[in-house]
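1. Below are the sequence and a predicted model for it; my questions follow.
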Amino acid sequence: MPAVLRKENNTMKKSLCLPILFLAAFAILSGCGAKDSPDTLTVLNYGKYLEPEVLEQFEEETGIKVEYEEYVTPENMYTKYRAGAIDYDLICTSDYMVEKLIQEGQVQELDFGNIPLSKNLDPVYFEFSKSFDPENKYSLPYFFGTVGILYNKEMVEESEVDSWSILWDEAYSGQIIMADSVRDSFMVPLKILGYSLNTTDEGELKEAQEMLIRQKPLVYSYLVDEAQDEMIAENAAMAVVYSGEAGYALEFNENLAFSVPKEGSNMWIDSWFVPKTAKHKENAEKFLDFLCREDISMMNFDYVYYATPNTKTKEALDPEIQESPTIFPPNEILENCEVLKPLDDISNTNLSILWKEIKAAD
């Protein structure tokens, strides 16, 4: 069946399976004494970020029981992990949080001899990963993408969305969705001002905050996952979203398009790592090798619809998907992007205060 048709079928399946996945995860995590067994794997991942059937197939093929838990944000993941209530064997999260945990000595080196199918991953993304895992010793790329503007072509001219500055155009008052995420929202004015999205300079961050406060009366809402649905329903003219959300939205509304502005953006990589707490490292590496298998990678791509670093999977997709600049950003876009870096505690606190002040502003 063509990849496009698989995607259409899975978007429906995705929405139907989510409650089932939560119930399954609850049942697994509630299992008596399961986590003491050597044939167990405890996984922590973003919500809706892995095809549920993949877990079932892995268990059937290996006899390893998967205890699966989900989280919302990298910060939420960090809190769960550091609480120490569960000894996770494998975690997937964003680049800057992987780097933070590596710096804190909370990540084990991977034995790539146990992950031979990692050869299916494009070396380009291991090169990108060096920005947070310099020797490629600790992490395995899973999905990647950018942040840009999802816009309605019936409401906005294509030439206008080549710059982030359109998000300050009063002609679109009440029709702009910003990301309900401190770093993603601050990234936009920082790029307009010519600053790094990783800046900790108080003056530069204050400039960005002032821009966001000036913009606030124009904003329809601050959203994350819901932004794609609002755009599909044509309740707004444009939204700051991840490329994966944009690719999903484009499937449901032909009036939508996606642009990564000329000032640059965030190029992110979500990766797997084995935490210090892991009691079943070999099982974790067996699961990583399983995820790199072409058929399993394709199942996850169809379910998540983010750009995969798996070359075997990409080559099996329809040409129109392979060539989609929304799903697979071209190199010239990626080269104009930055990868988020972890901030120290003082900088995180400062940024959090600035964000709260924006939300509280009239």
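-> Yes, it's here.
2. for the stretch 151-300 of the chain, which spans come out with low pLDDT?
-> Across the stretch 151-300 of the chain, not a single residue meets the criterion (pLDDT under 70).
3. show me where it has helices.
-> For the stretch 151-300 of the chain, applying DSSP state H, counting those that start in this stretch gives helices covering 182-192, 202-215, 226-232, 243-250, 281-292, 294-304.
4. most neighbours per residue, which of these?
-> The highest mean neighbour count among the helices of the stretch 151-300 of the chain, using mean count of other C-beta atoms under 10 Å, belongs to helix 243-250: a mean of 24. Where C-beta positions appear, they are placed from N, C-alpha and C, glycine not excepted.
5. ok, residues contacting that helix?
-> Residues outside helix 243-250 that contact it (C-beta atoms under 8 Å, 6 or more residues apart in numbering): 11, 143, 145-148, 150, 225, 227-228, 231-232, 241, 256-258, 260, 304-307, 324, 326-327, 329.
6. Next step: those residues restricted to strands.
-> In this view, the contacts of helix 243-250 that belong to strands under DSSP state E are 143, 145-148, 150, 241, 256-258.
7. for the stretch 1-150 of the chain, what spans make up the strands?
-> Assigned by DSSP state E, counting those that start in this stretch, the stretch 1-150 of the chain shows strands spanning 40-46, 65-71, 90-94, 107-108, 139-152.
8. ok so, going back, format the helices of the stretch 151-300 of the chain as JSON lines; extra columns: distance to residue 168.
-> Below are these laid out as JSON lines (distance: least, C-beta to C-beta, whole Å):
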{"stretch": "helix 182-192", "distance to residue 168": "8"}
{"stretch": "helix 202-215", "distance to residue 168": "5"}
{"stretch": "helix 226-232", "distance to residue 168": "18"}
{"stretch": "helix 243-250", "distance to residue 168": "21"}
{"stretch": "helix 281-292", "distance to residue 168": "41"}
{"stretch": "helix 294-304", "distance to residue 168": "32"}
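9. Relative to residue 49, which of those is closest?
-> Each of the helices of the stretch 151-300 of the chain has some distance to residue 49 by C-beta to C-beta; the shortest is helix 294-304, at 5.9 Å.
10. and the angle for the closest one with helix 281-292?
-> 80 degrees (axes from the mean of the first three to the mean of the last three C-alpha atoms, to 10 degrees).
11. could you dump helix 294-304 to PDB, C-alpha only?
-> Provided in PDB are the C-alpha atoms of helix 294-304 (Å, rounded to 0.1, in the frame of the first residue of the first chain):
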ATOM      1  CA  GLU A 294      13.100  -0.900   8.200                       C
ATOM      2  CA  ASP A 295       9.700  -2.400   8.800                       C
ATOM      3  CA  ILE A 296       9.500  -1.200  12.400                       C
ATOM      4  CA  SER A 297      10.900   2.200  11.500                       C
ATOM      5  CA  MET A 298       8.200   2.500   8.800                       C
ATOM      6  CA  MET A 299       5.500   1.700  11.300                       C
ATOM      7  CA  ASN A 300       6.700   4.500  13.600                       C
ATOM      8  CA  PHE A 301       7.000   6.900  10.700                       C
ATOM      9  CA  ASP A 302       3.400   6.300   9.600                       C
ATOM     10  CA  TYR A 303       2.200   6.800  13.200                       C
ATOM     11  CA  VAL A 304       4.300   9.900  14.100                       C
END
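12. which secondary structure elements does that helix contact?
-> Contact here means 3 or more C-beta pairs under 8 Å, 6 or more residues apart in numbering; DSSP states H and E; on that basis helix 294-304 packs against helix 3-29, helix 52-62, helix 281-292, helix 311-316.
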